[in-house]
Structures are given as structure tokens and as C-alpha cells.
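Student: Here's my sequence, what's the structure:
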Amino acid sequence: MTNTITNQKSVAQETASAELNKLGVTTVGIASGLIGCWAVACLASGMINSGGPASLVANYMKAFIG
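Tutor: The predicted structure follows:
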């Protein structure tokens, strides 16, 4: 009887651990997706404000060099 209860607790702990791992992976995936979308939006905004990709690179080099 004790062995059966111990096995049930072990299975329940493994199941809970697996669910927490899934939740963690999902959370990290969503966060990285949001960060990626924000990066694309910022790059697009920079290109629009600069006047295009070539101007963006030129302005970046001017800002970097001084």
C-alpha cells in the first residue's frame, strides 16, 4: 500500500513539473515574440524617419562616428 502511494506522489510531482516546464517555455516564447515585434517596429520607424534604409545606415554611421 505504501509503495502505491509513493508511486502516485511521484507521478503527480512529475506531471506538475512537466506542466511548469511547459508554462515556462510558453512564457519565454511569448516574451521573445513580443520583443522581436518591438524590434521590427523600431527598425521600421527608424527607416521611415530617416527616409529609407540607405539613409538609416548613413545616419547610424554619422551618430556612431560623431
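Student: in the protein, which spans are helices?
Tutor: Here the chain has its helices, by DSSP state H, at 2-50, 53-65.
Student: Now mean neighbour count and mean pLDDT too, for those helices, in a markdown table please.
Tutor: Every C-beta, even on glycine, is put in place using the N, C-alpha and C of the backbone. Converted to a markdown table, the helices of the chain look like this (neighbours: other C-beta atoms under 10 Å; pLDDT from 0 to 100):
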| stretch | mean neighbour count | mean pLDDT |
| --- | --- | --- |
| helix 2-50 | 10 | 87 |
| helix 53-65 | 11 | 93 |
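Student: Next, name the residue at the spatial heart of the protein.
Tutor: Ranked by distance to the mean C-alpha position of the chain (C-alpha atoms, centre = their mean), the top residue is S32 at 1.3 Å.
Student: measure that residue to A18 for me?
Tutor: When distances are taken as C-beta to C-beta, to the nearest Å, S32 and A18 turn out to be 21 Å apart.
Student: Now do stretch 40-55: everything it contacts.
Tutor: By C-beta atoms under 8 Å, 6 or more residues apart in numbering, the surrounding residues in contact with stretch 40-55 are 56, 58-59.
Student: Go again with 7 Å.
Tutor: Contacts with stretch 40-55, where a contact means C-beta atoms under 7 Å, 6 or more residues apart in numbering, come from 56, 59.
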